[in-house]
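*Asks:* sequence unknown, structure follows:
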């Protein structure tokens, strides 16, 4: 018994150590980047502060933007506006893209009709839609949400279609042999197996939509993180630009972490989400 307990404890310790290694490497990389940044700005005459402010200047600007409104809102206000626009566009893209991807994989006649038009439209960059979206909706939240939708929609469809089409046909035939109908086979067999790849498509859609939103805000925004960056350029404030860029990166990372956690909760049968027995 004591030997088994010791073995279990050793495995647990080694697992914890292995899990900590990527975090340590990531922290070391970030610390190195920050040190190089500080060093570049600390050496007199090497990099002008107008071009690249020091990390301390950026932190001070960060605190100022949290406390005082800039271009109509505080930093949190700009971030909330961006998240709202992004959320609307992404949710509509998922609500339409995932079911359509399933239908395209499951219904060959529909795929033959829809695929040519979809392939033509998906190669038009999201930013090419900005002028016509402004003509249709003005410089509004709807315009930016539409650009997010256009950027996120193809990833939802393509990955869902590939996930469902890539299922081993033997699984579907076995379900039908046992008496399952087409709808039951799709819901109880195909979708659970395809779900990991569908979640991968959602991660790509989230990322594409977030990047497209910031680009749209740079062009037509009146609030938001992209607008904050453009106002930093107009006001000749590199610190404001870097605060906006850092906030965009941090929020994007948090969004991806939340989606990964949601995937582990929604797909407990995946092998990479099962913890080793203690």
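*Replies:* That came through fine. Keep in mind it's a predicted model, so treat the numbers as computed, not measured. Numbering: from 1, shown residues only.
*Asks:* show me the helices in the protein, by range?
*Replies:* Per DSSP state H, the chain carries helices over the ranges 2-42, 55-67, 75-106, 108-122, 130-137, 141-165, 169-177, 182-185, 191-220, 225-234, 238-266.
*Asks:* can you redo the ones you listed as a markdown table with mean neighbour count?
*Replies:* Backbone N, C-alpha and C define where each C-beta goes, glycine included. Formatted as a markdown table, these follow (neighbours: other Cβ atoms under 10 Å):
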| stretch | mean neighbour count |
| --- | --- |
| helix 2-42 | 11 |
| helix 55-67 | 16 |
| helix 75-106 | 20 |
| helix 108-122 | 12 |
| helix 130-137 | 15 |
| helix 141-165 | 24 |
| helix 169-177 | 12 |
| helix 182-185 | 14 |
| helix 191-220 | 21 |
| helix 225-234 | 21 |
| helix 238-266 | 16 |
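*Asks:* among the ones you listed, show the one with the smallest mean pLDDT.
*Replies:* Of all the helices of the chain, mean pLDDT reaches its minimum on helix 2-42 (a mean of 67).
*Asks:* still on that earlier bit, can I get the helices of the chain in a markdown table with distance to residue 49?
*Replies:* Formatted as a markdown table, those follow (distance: least, Cβ to Cβ, whole Å):
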| stretch | distance to residue 49 |
| --- | --- |
| helix 2-42 | 7 |
| helix 55-67 | 7 |
| helix 75-106 | 21 |
| helix 108-122 | 43 |
| helix 130-137 | 33 |
| helix 141-165 | 33 |
| helix 169-177 | 62 |
| helix 182-185 | 64 |
| helix 191-220 | 24 |
| helix 225-234 | 14 |
| helix 238-266 | 8 |
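*Asks:* do you know how far residue 207 is from residue 151?
*Replies:* Between residue 207 and residue 151 the distance, using Cβ to Cβ, to the nearest Å, works out to 9 Å.
*Asks:* do residue 106 as well
*Replies:* 25 Å.
*Asks:* got the domain boundaries for the protein?
*Replies:* 1-47, 53-273 (automatic domain parsing).
*Asks:* run the chain-centre distance for the longest one.
*Replies:* If I follow you right, that is domain 53-273. Offset of domain 53-273 from its chain centre (Cα atoms, centre = their mean, to the nearest Å): 6 Å.
*Asks:* next, the contact list for residue 159, please.
*Replies:* Contact analysis of residue 159 by Cβ atoms under 8 Å, 6 or more residues apart in numbering lists 101, 197, 198, 200, 201, 202, 204.
*Asks:* do that again at 7 Å, thanks
*Replies:* Neighbouring residues of residue 159 by Cβ atoms under 7 Å, 6 or more residues apart in numbering: 197, 198, 200, 201, 204.
*Asks:* would you format those as CSV with distance to residue 182 included?
*Replies:* Formatted as CSV, the contacts of residue 159 follow (distance: Cβ to Cβ, whole Å):
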residue, distance to residue 182
197, 21
198, 19
200, 25
201, 23
204, 29
